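Student: Could you look at this predicted model? Sequence included:
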Amino acid sequence: MASYLLVHGAWCWADVARRLRQAGHDVFAPDLTGLGARAHLAGQHINLSTHIQDVVAVLSAERLEDVILVGHSYGGMVVTGAASREAARIRTLVYLDAFLPTDGQALWDLAGEPGRTAMLDTARRQGGMVSRPKRDYDPFRAETRFVTQSIACFVEGVQLTGAEAGIANRTYIWASRYDPSPFGPIYRSLQGNPAWRLATIDTGHNTMLENPAETARLLLQEAS
């Protein structure tokens, strides 16, 4: 039995978590402060450090060890910071179509000019809160967990201790149908690197909604 800790940006892990539990594993999928079921706590004061502390608190309060820590999208920023602080508790780091920062980098630095422009546009109109673009062709545009998020989450750089570098097991999963994407270049940059296990999933960015069965299958491989 493995312990999974699934970290989101603002979406739902429920179907994937159910599949992992049915396979006999412990699963924790907390809502980060101000997001999902904790949207009532949203505010400009919430930043990346808040969300890193959310994950560190789960690791500590639940006394988790030998954890498979999974971050999706913005969650890659969060799990990197949390792993840096609690590396001894982490068995495997999984980046699911996620940002992979180095010390001091913010999502702002990694998002590219179109991403930065979109963040600024919505933050200016919404008092410092950034919303996910809702496109007409997006089958998940009505998903209730897509809420506004403080721009402070995206402009704060992650502070790393270096301890995260000692985590031996690392996986990057790229959602190959998401285009244009900031994550394809990350995936390609890791090719040939023996420190990483690489995989792809034939979906758009929200893999846990588009194909929860395949997302769960890939995550279950980490427990073997």
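Tutor: Noted; the coordinates are in hand. Quantities reported herein were computed from a predicted structural model and do not represent experimental measurements.

Student: okay, how far is it across stretch 71-79, tip to tip?
Tutor: The first and final residues of stretch 71-79 sit 6 Å from each other (Cα to Cα, to the nearest Å).

Student: hey, where'd the helices end up in the chain?
Tutor: 14-22, 48-61, 75-85, 107-110, 112-125, 152-155, 183-190, 207-210, 212-220 (DSSP state H).

Student: mean pLDDT for those helices: which is lowest?
Tutor: Note on the helices of the chain: lowest mean pLDDT is at helix 112-125, with a mean of 69.

Student: out of the helices of the chain, which comes closest to residue 199?
Tutor: helix 212-220 (5.6 Å; Cβ to Cβ). Just so you know, the C-beta spots here come from the backbone N, C-alpha and C atoms, and that holds for glycine as well.

Student: now the closest one and helix 14-22, what's the angle there?
Tutor: Put simply, helix 212-220 runs at 50 degrees to helix 14-22, going by axes from the mean of the first three to the mean of the last three Cα atoms, to 10 degrees.

Student: what sits up against helix 212-220?
Tutor: Residues outside helix 212-220 that contact it (Cβ atoms under 8 Å, 6 or more residues apart in numbering): 4, 15-16, 19-20, 23, 25, 68, 70, 94, 96, 173, 199, 201-203, 207-208.

Student: again, only using 6 Å
Tutor: 15-16, 19-20, 23, 173, 199, 201, 207-208 (Cβ atoms under 6 Å, 6 or more residues apart in numbering).

Student: Can you flag the buried ones in those residues?
Tutor: 16, 19-20, 173, 201, 207-208 (16 or more other Cβ atoms under 10 Å).

Student: Need those in JSON lines (columns: distance to residue 160).
Tutor: Converted to JSON lines, the buried ones among the contacts of helix 212-220 look like this (distance: Cβ to Cβ, whole Å):
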{"residue": "16", "distance to residue 160": "27"}
{"residue": "19", "distance to residue 160": "32"}
{"residue": "20", "distance to residue 160": "28"}
{"residue": "173", "distance to residue 160": "22"}
{"residue": "201", "distance to residue 160": "27"}
{"residue": "207", "distance to residue 160": "26"}
{"residue": "208", "distance to residue 160": "26"}
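
Student: any idea how far residue 156 is from residue 117?
Tutor: Distance, residue 117 to residue 156, using Cβ to Cβ, to the nearest Å: 19 Å.

Student: higher neighbour count, the two?
Tutor: Taking other Cβ atoms under 10 Å, residue 117 and residue 156 do not tie; residue 156 has more neighbours (20 against 11).
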